[in-house]
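J.: dropping a prediction and its sequence here:
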Amino acid sequence: MLNNVQYQFLDADQPEKIISEHEDLLVENAKQLAVTDEKLALEGTVLKFWAVIEGAKANESVKQEGTVDLKNIWIPGAAGWQHPVPILLFPDYAKVLIEIVDVYANNAKHTPTFVKTGLMSQLTVAAQFIEYMCLHGHLRLRSIPETQISEMLDSLKQGGIPVALQLHERVNTLIDRLIEKDELDPFLCRSHDYPHSSVVSLRVRLIAQHIGCVSLENQVPRSTYKKVADHLETQGRKVTKHFANKGAPTPSQPSAKSLNNWFGTWNRFAKLDSRDQMQFIPFPNPYSLSKRIGTTPRRTKNLDVKEVIALLGGSHKWVFEYAPLIISTVKEVTSLKNKELSAGLKDRTLTECRFPEYLGKSQKIKKLEKLTGLEVHKTSLTISRNATDKFSITGICTLLMTACYIVLQTYNARRQAEIQSPLIGITEEHFRCANKRLNWYQANFYNEKNRKRRWYTLNNGSTKAIQCLIALKKAWQPNGVEGLFIVPNFRLNEDESFGFYKYHFNKGKDSKITGNAFLQLMLGDQPDTKSHPFRRIYAVIYHYQYKNADLLALCHQLGHIDPDHTMVYVTEPEARDVHEQLHHKVKFIKDEAAESTIALKEENKALDKVIEEVGVEATAKDIAALLMGSEEMAGKYPAYLKKVYRTLHQSVTFNNLTNDRFGRDFKDLSVNDKSKAMAQVLGSRGHKRRPKAHATCHRRQGDSNGNEAPCEPFKCSSCPYQEIKRTQLTILKEDLGILLKKQSDFSLLPVERLRAKSDVSNLSILIKHHERTMERNKTLFAEGDQR
């Protein structure tokens with residue numbers, strides 16, 4: 001396998017023997033290591049790391065911790081070792097590895113990502129560089145020649161780290177050897193402890209030790225699982241049907257982004273304050289280098305308007321129509337469990353007899369099937385492998401949770417963890433009713449960039465989604481479980497409570513707790529949305545609301561008002577700006593107000609960028625429609641596009657650009673390519689597509705809650721937008737009354753009375769401005785009043 005070193009694999013029990021024989025040396029080498037960051041500590045051979053997360057929970061900080069035992073990091077033997085050994089037996093390599101991690105930790109902040117993935121990712125990537133050098137016989141960093149780095153770049157381009165480290169070849173060679181010697185059993189995971197139980201997986205960590213690999217996570221090839229499955233079946237042994245389909249596909253060219261991250265970590269080996277370091281920077285100009293040998297960033301799939309309507313409309317139905325029946329069914333199941341267990345029924349009888357009986361006789365189950373159009377399997381409450389075309393109650397709960405997630409993600413533009421994580425996501429304590437009469441609800445969203453929570457006004461859809469999640473959690477009565485995104489699996493724990501899964505929207509297609517099933521239900525099999533397109537869904541709403549009455553009507557149903565006034569999130573109109581800034585600004589000191597404004601702008605950057613991208617795409621569609629004559633277009637906008645088209649058609653510079661990109665002149669391109677090229681030029685020149693309202697209002701005075709047809713907010717006195725404006729004025733006046741009382745309250749400190757006096761002055765100006773604006777707009781709504 002390896003030509004330049006004599007390489008041996010370990011026998012089944014050798015790792016334990018090696019650790020036992022060299023225990024003292026491992027501990028002694030670990031004592032020579034040192035860390036300087038406050039978030040790290042070394043205890044023996046164990047590296048401990050933690051982060052103190054402030055603001056994640058109300059009035060308290062949360063300490064997240066993790067550990068890694070350095071003696072469990074194995075690398076290929078080199079210079080004296082002809083078999084894999086723990087990295088601690090190479091003191092110089094162990095020292096530089098810890099220095100790399102220490103440098104990273106000193107620059108990192110106390111965030112959930114630091115403990116969850118950040119530090120371990122840095123440790124693994126740095127150790128994999130050392131693994132590569134050991135594979136090629138280098139004991140010290142200073143001995144690595146530049147030619148070795150060139151070879152590494154070639155292998156990285158072919159298939160990333162798996163190809164550079166020959167992971168698939170090494171694993172297959174070990175498995176072939178184990179099969180040949182009939183020593184495969186210690187490397188198999190079984191469904192149960194008894195000898196003849198089915199084999200469900202391979203012991204990946206044990207395989208990594210025996211081949212001297214830092215990490216084999218998601219790297220054991222699919223061919224290996226197939227080979228092992230075939231071998232076991234020829235011996236008449238049981239293998240689960242999913243076993244042969246496990247494993248990683250053939251390695252492909254890595255992305256430029258991944259390469260840039262790896263190069264940044266590996267370049268630190270040349271900048272260490274250590275006696276063993278690289279004599280040159282191994283990957284100079286990492287950004288340019290990664291772009292040259294990595295794949296270009298792929299665009300996230302942009303859903304069509306019809307798909308956006310299907311996804312949001314489906315989520316709307318589940319959250320508003322199906323949720324009450326689902327929650328009621330779960331309550332019945334919980335009541336049945338409590339009743340039967342209190343009567344002394346055994347757990348197994350309950351799950352195998354009583355629950356199936358309930359599923360077969362329940363009228364609510366029949367009503368749920370009729371309402372949703374889905375068939376519920378009656379053998380158990382959990383997922384059935386035999387009835388793949390049917391849904392369990394666990395599966396139904398997962399679908400509801402996905403609908404809630406989609407509404408929250410689309411209408412609030414939070415990161416995935418900021419919604420569903422038990423630590424930094426939304427929980428019961430982060431949801432409140434600001435004013436029940438006005439149906440004003442707020443959520444305290446955590447922002448990972450700013451590392452703090454802020455209260456935000458919710459629209460109707462988001463409010464209902466959180467209420468559904470809270471009601472569902474109460475329905476199955478979990479015991480000491482944190483977070484709202486938890487799915488009951490209805491298996492009984494020792495304390496007689498139901499077990500659960502932690503929901504993860506984007507975990508994977510085959511996972512029981514993924515959102516993929518709901519996406520397939522709404523959109524079919526083709527869209528692979530993952531978590532990124534939700535901002536793009538909003539951008540579609542922003543650009544196509546007036547062209548599609550169904551889309552605008554749906555957005556109104558979910559509490560959306562006018563995307564043109566979005567300031568921070570996705571569906572809040574100017575109401576959010578007034579609620580969050582005018583209503584609260586007077587209660588901020590100057591520094592807090594400035595900090596809040598900066599936070600809002602930072603949050604909005606990513607959203608603005610996506611809106612611009614979809615705007616370019618929308619412009620491209622307009623150009624294509626103009627060129628093909630598929631839509632009637634008149635006015636200054638199409639005339640402007642025609643003028644640009646004629647100019648670009650004759651431009652030598654532009655034709656050179658299209659030649660570089662498409663290999664043809666502009667005139668020879670297809671209509672789609674022409675429209676895309678033109679739209680990109682317009683976008684780069686600062687042309688922004690501004691969607692204009694052309695729908696007229698169909699609502700009469702007093703019919704503001706009707707959702708049969710869309711309306712244009714600025715021309716309709718019955719629109720919810722105007723109700724919000726009136727509500728804002730009431731809130732501002734209430735605040736003014738409170739401040740006037742403070743101003744004349746002599747029990748307060750003088751500085752507090754002075755601050756209240758200043759706030760009264762500022763708020764009075766805001767109220768007068770608000771009243772003038774409403775008075776000036778009365779003429780706009782006269783037409784709407786007459787409808």
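T.: Yep, that arrived.

J.: just checking, next helix/strand downstream of whatever helix or strand Thr349 lives in?
T.: In the assignment (DSSP states H and E), Thr349 maps to helix 347-349. Counting by DSSP H and E, the next helix or strand C-terminal to helix 347-349 is helix 355-361.

J.: got the contact list for that following helix?
T.: 332-333, 336, 365, 376-381, 393, 490 (C-beta atoms under 8 Å, 6 or more residues apart in numbering). Placement of C-beta: from N, CA and C, glycine included.

J.: now list the buried members of the residues you listed.
T.: Listed as buried from these are 333, 336, 365, 376-378, 380-381, 393, 490; burial here means 16 or more other C-beta atoms under 10 Å.

J.: can I get those residues in a markdown table including pLDDT?
T.: Compiled in a markdown table, those are given as follows (pLDDT from 0 to 100):
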| residue | pLDDT |
| --- | --- |
| Val333 | 90 |
| Leu336 | 89 |
| Ile365 | 89 |
| Val376 | 86 |
| His377 | 84 |
| Lys378 | 84 |
| Ser380 | 81 |
| Leu381 | 82 |
| Ile393 | 89 |
| Phe490 | 86 |
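
J.: from these, which is closest to Lys464?
T.: Closest approach between these and Lys464, by C-beta to C-beta: Ile393, at 21.3 Å.

J.: any idea how far apart the tips of stretch 621-641 sit?
T.: End-to-end span of stretch 621-641 (C-alpha to C-alpha, to the nearest Å): 12 Å.

J.: just the mean pLDDT for it, thanks.
T.: Mean per-residue pLDDT for stretch 621-641: 66.

J.: what would the contacts of helix 355-361 look like in JSON lines with distance to Thr113?
T.: Shown next, in JSON lines, are the contacts of helix 355-361 (distance: C-beta to C-beta, whole Å):
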{"residue": "Glu332", "distance to Thr113": "40"}
{"residue": "Val333", "distance to Thr113": "37"}
{"residue": "Leu336", "distance to Thr113": "42"}
{"residue": "Ile365", "distance to Thr113": "42"}
{"residue": "Val376", "distance to Thr113": "39"}
{"residue": "His377", "distance to Thr113": "39"}
{"residue": "Lys378", "distance to Thr113": "43"}
{"residue": "Thr379", "distance to Thr113": "41"}
{"residue": "Ser380", "distance to Thr113": "37"}
{"residue": "Leu381", "distance to Thr113": "35"}
{"residue": "Ile393", "distance to Thr113": "34"}
{"residue": "Phe490", "distance to Thr113": "33"}
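
J.: show me the residues you listed that map onto strands.
T.: Among the contacts of helix 355-361, the members found in strands (DSSP state E) are Phe490.

J.: please parse the protein into its domains.
T.: 14-161+254-293, 167-245, 305-535, 545-587+696-787, 588-684 (automatic domain parsing).

J.: for Phe746, give me its contacts.
T.: Phe746 neighbours (C-beta under 8 Å, 6+ apart): Arg753.

J.: which element is it on?
T.: Applying DSSP H and E, one finds Phe746 in no helix or strand.

J.: cool, and the one 5 residues further on?
T.: Using DSSP H and E, the element containing Val751 is helix 750-776.

J.: same question for Ala403.
T.: helix 393-412.

J.: just checking, what packs against that helix?
T.: helix 305-317, helix 323-342, helix 416-420, helix 460-475, strand 486-492, helix 516-523, helix 533-544 (3 or more C-beta pairs under 8 Å, 6 or more residues apart in numbering; DSSP states H and E).

J.: which stretches of the stretch 51-200 of the chain form helices?
T.: Per DSSP state H, counting those that start in this stretch, the stretch 51-200 of the chain carries helices over the ranges 91-107, 112-113, 119-135, 146-164, 167-181.

J.: burial measure for Phe9, as a count.
T.: 17 (other C-beta atoms under 10 Å).

J.: sorry, slip of the keys, the one I care about is Ile406.
T.: 27.

J.: got a list of what the residue nearest to it when sequence neighbours are not counted touches?
T.: Leaving aside its sequence neighbours, Ile406 sits nearest to Ser315 (C-beta to C-beta, 6 or more residues apart in numbering; 4.6 Å). By C-beta under 8 Å, 6+ apart, the residues touching Ser315 are 403-404, 406-407, 461, 522.

J.: helix, strand or coil for Thr36?
T.: coil (DSSP: H, G, I helix; E, B strand; the rest coil).

J.: how about the closest residue to it other than its chain neighbours, what does it touch?
T.: Nearest residue to Thr36, sequence neighbours excluded (C-beta to C-beta, 6+ apart): Asp102, at 5.8 Å. Counting by C-beta under 8 Å, 6+ apart, Asp102 touches 35-37, 40.

J.: any chance of JSON lines for these, columns distance to Arg237 and neighbour count?
T.: As requested, these are arranged in JSON lines below (distance: C-beta to C-beta, whole Å; neighbours: other C-beta atoms under 10 Å):
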{"residue": "Val35", "distance to Arg237": "47", "neighbour count": "18"}
{"residue": "Thr36", "distance to Arg237": "52", "neighbour count": "10"}
{"residue": "Asp37", "distance to Arg237": "49", "neighbour count": "15"}
{"residue": "Leu40", "distance to Arg237": "45", "neighbour count": "19"}
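
J.: output those in CSV, with pLDDT and distance to Ile75 appended to each entry.
T.: Shown next, in CSV, are these (pLDDT from 0 to 100; distance: C-beta to C-beta, whole Å):
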residue, pLDDT, distance to Ile75
Val35, 91, 21
Thr36, 92, 25
Asp37, 91, 24
Leu40, 94, 21
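
J.: now for the residues you listed: which two are most distant?
T.: Applying C-beta to C-beta across the contacts of Asp102, the maximum distance is between Thr36 and Leu40, 7.9 Å.

J.: which residue packs closest to Ala756, ignoring adjacent ones?
T.: Lys742 (3.8 Å).

J.: again, but for Arg237
T.: Arg237 sits nearest to Val199 (C-beta to C-beta, 6+ apart), 6.8 Å away.

J.: identify the bridge partners of that neighbour.
T.: Arg190, Val239 (DSSP bridges).

J.: can you check the pLDDT for it?
T.: At Val199, pLDDT is 87.

J.: any idea of the mean pLDDT for the lengthiest strand in the chain?
T.: Using DSSP E, we find that the single longest strand of the chain is strand 46-57. For strand 46-57, the mean per-residue pLDDT is 87.

J.: helix 91-107 and that one, what's the angle between them?
T.: 10 degrees (axes from the mean of the first three to the mean of the last three C-alpha atoms, to 10 degrees).

J.: mean pLDDT for the domains of the chain: which is lowest?
T.: Lowest mean pLDDT of these: domain 545-587+696-787, a mean of 60.

J.: buried ones in the helix holding Val751?
T.: Quick answer for helix 750-776 (16+ other C-beta under 10 Å): 753, 755-756, 759-760, 763, 766-767, 770.

J.: same deal with stretch 272-285?
T.: 272, 276-278, 281-283.

J.: most widely separated two among the residues you listed?
T.: It's Asp276 and Phe283 that sit farthest apart of these, by C-beta to C-beta, at 18.7 Å.

J.: now, which of the buried ones among the contacts of helix 355-361 sits nearest Asn548?
T.: Val376 (34.3 Å).

J.: bridging residues for that closest one?
T.: Phe391.

J.: so it makes contact with Lys364?
T.: No: the pair Val376 / Lys364 is not scored as a contact, 10.3 Å apart, by C-beta atoms under 8 Å.

J.: can you pull the phi/psi pair for Leu736?
T.: Main-chain torsions, Leu736, degrees, to the nearest 10: phi -60, psi -40.

J.: swap in Leu648?
T.: Main-chain torsions, Leu648, degrees, to the nearest 10: phi -70, psi -30.

J.: please list all residues in contact with it.
T.: Contacts of Leu648 (C-beta under 8 Å, 6+ apart): 654, 666, 677-678, 681.

J.: the residues you listed into CSV, with extra columns for secondary structure and neighbour count?
T.: Putting those into CSV (DSSP: H, G, I helix; E, B strand; the rest coil; neighbours: other C-beta atoms under 10 Å) gives the following:
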residue, secondary structure, neighbour count
Phe654, helix, 17
Phe666, helix, 21
Ala677, helix, 20
Met678, helix, 27
Val681, helix, 17
